[in-house]
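S.K.: Sequence below, structure please.
(2 chains)
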Amino acid sequence: MSVVDLHPENLLDREIRGELEPAERARLEAHLAQCATCRFERQLRAGFALELSRDSVPPEIAGLVDTLAKRSMESPVPVPVARPSRTRRVRIVLLAAAATLTLVAGAFASTEAGRRAIAPLFGRQESTTPNGEATPATVTAVSHALPLTSSASPAPAPSPAVAESSPLPDLPEPPRTVPVTALPAAPTAAPPEGPAPLFGAEADARRRGDTARMMELHAELVARYPQSHEAQVSRMMVARLLLDRGDAASALSGFDAYLRAGSGELREDALAGRATALERLGRTGEARRAWMALLDQYPNTAYGAHARSRVEASSEN
Amino acid sequence: MVLARQAAAGNGLATGQLLRMLTPRLGSIVRAIMGASHPDRDDALQVTLIGFVQALPSFRGECDPAGYAATIAVRTAVAARKRARVRGSHEETTEIELADPASSPGQLAEARRQQEILRDLLAAIPTEQGETLAMRVVLGWSLEEIAAHTRVPVNTVRSRLRLAKEAMRRRIEADADLVEALEITS
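M.R.: Coordinates of the predicted model:
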């Protein structure tokens, strides 16, 4: 093992915390001069630190968590969040179940009666037997997502396969796959109603790269549920996509629509997107005012340095 | 911590608050490890949240819930990236993401390329090494913090990290552009 193989992780940590003594700095610099791996690590850590400083919630997850949190405060009755596709519905319902049923967990959820009660809440009546008992498929699926033990019960031990590959033997194993085959068949219901299913379908189309379908679903969502949270997030998603694809005029309309609606946690991004779109359209004066509006409303915005540089640049012109 | 204990005891209000509090950070971690344009990114975040909520009843307040959740996020994201690598399904897509305004396009492109090299490496090396390297480089944890969160001795962490860095060194040396970007002098 060479000196270069003895990577001084502690010195890199102390450097980040600003605790390096001169002698330590000299040692670190000497090592970095020879070790590309540590230079790479240092560079990456700085980049990821910046990236992690900008919290990221994909729009549909933001909507989902908001919905779950809201519902967990309003009512102990879990309600399905979205049903855009079977696989996606399974995941969302599992998450909804996991979060909201914490409300009624404990003794109730640990009983067979609790398990029987869960299925109808999710419209899974068809997966129960005539006398109301949950089928094994239902129990398997729900128990996968739910802590059906009371808080006094021991946590489930990781499976041997997991324990072998996992460095977290004492922690409950996060589910790595959703047992789709164990879930009951999708109900043969009418086409889904409500903004959440539409939004979910739109997100699915986006992931598939089916932009035409995505735009169709977006139009339907904002036409039928213009005031919904999902429509707001969708407006932003589409506007950013259009901006990314070079259609600044349509993107600008989208950002304006988002801002006109007057609510939403992406307002800061919408203001930045609007200013960028105006710039790309060559509407310099309006772009300048848009950047100033962003700085005015969000003095500590992540776009601050860029916004200020754009304002200064437009002042010089 | 109090919130986590209440959530662990079945308090729905606390669970909602805890999810709201932690999800942005978990979203960032998953995005950092998987890449902003990875098609399985949202799914990995959902699985992370499910895993965290599942684990809540056994939470006894002996560790930081945010660190605990971050550990789940790292493990989930590394596993998802590995699965995608096996499937060979990850294709770069045009992600709707405003450019980082603080960097020049060239700097941004090089930083993204280097991050993508790391992500590929995380998926290519053994799981424990990948998770350890991700906690070190992406989360910025010290060896002691990694040991505490993964419940293994510090020397085990050191050993995993050394092996991961050895793989990293081989990867760097195989990439002339990366060698140049890192300005290797010897």
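S.K.: Break chain B into its domains for me.
M.R.: Per the record, chain B has its domains at B:1-97, B:104-186, by automatic domain parsing.
S.K.: Other residues contacting stretch A:15-24?
M.R.: For stretch A:15-24, the surrounding residues in contact (CB atoms under 8 Å, 6 or more residues apart in numbering or on different chains) are A:Leu11, A:Arg14, A:Arg25, A:Leu28, A:Arg42, A:Arg45, A:Ala49, B:Gly140. Heads up, the C-betas are built off the backbone N, CA and C, glycines and all.
S.K.: Reformat the residues you listed as TSV; add secondary structure.
M.R.: Shown next, in TSV, are the contacts of stretch A:15-24 (DSSP: H, G, I helix; E, B strand; the rest coil):
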residue	secondary structure
A:Leu11	helix
A:Arg14	helix
A:Arg25	helix
A:Leu28	helix
A:Arg42	helix
A:Arg45	helix
A:Ala49	helix
B:Gly140	coil
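S.K.: Can you turn the buried part of those into a PyMOL selection?
M.R.: Those of the contacts of stretch A:15-24 that count as buried under 16 or more other CB atoms under 10 Å in any protein chain shown are selected in PyMOL with:
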select buried, (chain A and resi 11+14+28+42+45) or (chain B and resi 140)
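S.K.: which one of the contacts of stretch A:15-24 is nearest A:Glu286?
M.R.: Distances from A:Glu286 to the contacts of stretch A:15-24, taken as CB to CB, are shortest for A:Ala49 (34.9 Å).
S.K.: Run a quick neighbour tally on B:Ala7.
M.R.: Residues within reach of B:Ala7, counting by other CB atoms under 10 Å in any protein chain shown, total 26.
S.K.: oh, I was asking about A:Leu217
M.R.: Number of residues near A:Leu217 (other CB under 10 Å) recorded here: 23.
S.K.: Likewise for A:Gly285?
M.R.: 10.
S.K.: Name the secondary structure element that contains it.
M.R.: Secondary structure assignment for A:Gly285, by DSSP states H and E: helix A:284-297.
S.K.: can you pull the buried residues of that helix?
M.R.: Quick answer for helix A:284-297 (16+ other CB under 10 Å): A:Glu286, A:Ala287, A:Arg288, A:Arg289, A:Ala290, A:Trp291, A:Met292, A:Leu294, A:Leu295.
S.K.: Mind listing residues that contact the next helix or strand after that helix?
M.R.: With elements assigned by DSSP H and E, the helix or strand that comes after helix A:284-297 is helix A:304-316. With contact meaning CB under 8 Å, 6+ apart, helix A:304-316 is reached by A:272, A:275, A:279, A:284-285, A:287-288, A:291-292, A:294-295, A:298, A:301, B:101-102.
S.K.: how does chain A divide into domains?
M.R.: Taken from automatic domain parsing, chain A resolves into A:3-53, A:59-150, A:195-316.
S.K.: Which one of the contacts of stretch A:15-24 is nearest to B:Ala32?
M.R.: Closest approach to B:Ala32 among the contacts of stretch A:15-24 (CB to CB): A:Ala49, at 9.9 Å.
S.K.: Skipping adjacent residues, who's closest to the closest one in space?
M.R.: Nearest non-adjacent residue to A:Ala49, counting by CB to CB, 6 or more residues apart in numbering or on different chains: B:Gly140, 5.7 Å away.
S.K.: Give the phi and psi angles for that neighbour, as a check.
M.R.: phi 70, psi 30 (degrees, to the nearest 10).
S.K.: model confidence over stretch A:214-233, on average?
M.R.: Stretch A:214-233 carries an average pLDDT of 84.
S.K.: and the end-to-end length of it?
M.R.: 13 Å (CA to CA, to the nearest Å).
S.K.: Confidence-wise, which of the domains of chain B is weakest overall?
M.R.: If you rank the domains of chain B by mean pLDDT, domain B:1-97 sits at the bottom with a mean of 81.
S.K.: I'd like to know which elements the helix holding A:Gly285 is packed against.
M.R.: helix A:267-280, helix A:304-316 (3 or more CB pairs under 8 Å, 6 or more residues apart in numbering or on different chains; DSSP states H and E).
S.K.: so residue 32 is in which element?
M.R.: Since you didn't name a chain, this refers to chain A. Assigned by DSSP H and E, A:Leu32 falls in helix A:22-34.
S.K.: That was the other one, I meant chain B.
M.R.: helix B:12-34.
S.K.: now the next helix or strand after that helix and helix B:12-34, what's the angle there?
M.R.: Remark: after helix B:12-34, the chain's next helix or strand is helix B:41-55, criterion DSSP H and E. Interaxial angle, helix B:41-55 versus helix B:12-34 (axes from the mean of the first three to the mean of the last three CA atoms, to 10 degrees): 140 degrees.
S.K.: Tell me which other helices or strands helix B:41-55 touches.
M.R.: Looks like helix B:41-55 contacts helix A:59-74, helix A:86-100, helix B:12-34, helix B:65-87 (3+ CB pairs under 8 Å, 6+ apart).
S.K.: what about 6 Å?
M.R.: Using 3 or more CB pairs under 6 Å, 6 or more residues apart in numbering or on different chains; DSSP states H and E, the elements in contact with helix B:41-55 are helix A:86-100, helix B:12-34, helix B:65-87.
S.K.: tell me which residues in that helix are buried?
M.R.: B:41-55.
S.K.: now do stretch A:226-235
M.R.: For stretch A:226-235, burial by neighbour count (16+ other CB under 10 Å) applies to A:Ser228, A:His229, A:Glu230, A:Ala231, A:Gln232, A:Val233, A:Ser234, A:Arg235.
S.K.: mind listing which of these are in helices?
M.R.: Among the buried residues of stretch A:226-235, the residues falling in helices (DSSP state H) are A:His229, A:Glu230, A:Ala231, A:Gln232, A:Val233, A:Ser234, A:Arg235.
S.K.: For the helix or strand containing B:Ile146, give me every contacting residue.
M.R.: Taking DSSP H and E as the criterion, B:Ile146 maps to helix B:143-150. By CB atoms under 6 Å, 6 or more residues apart in numbering or on different chains, the surrounding residues in contact with helix B:143-150 are A:Glu9, A:Pro167, A:Leu168, B:Gly67, B:Thr71, B:Thr132, B:Met135, B:Val154, B:Val157, B:Arg158.
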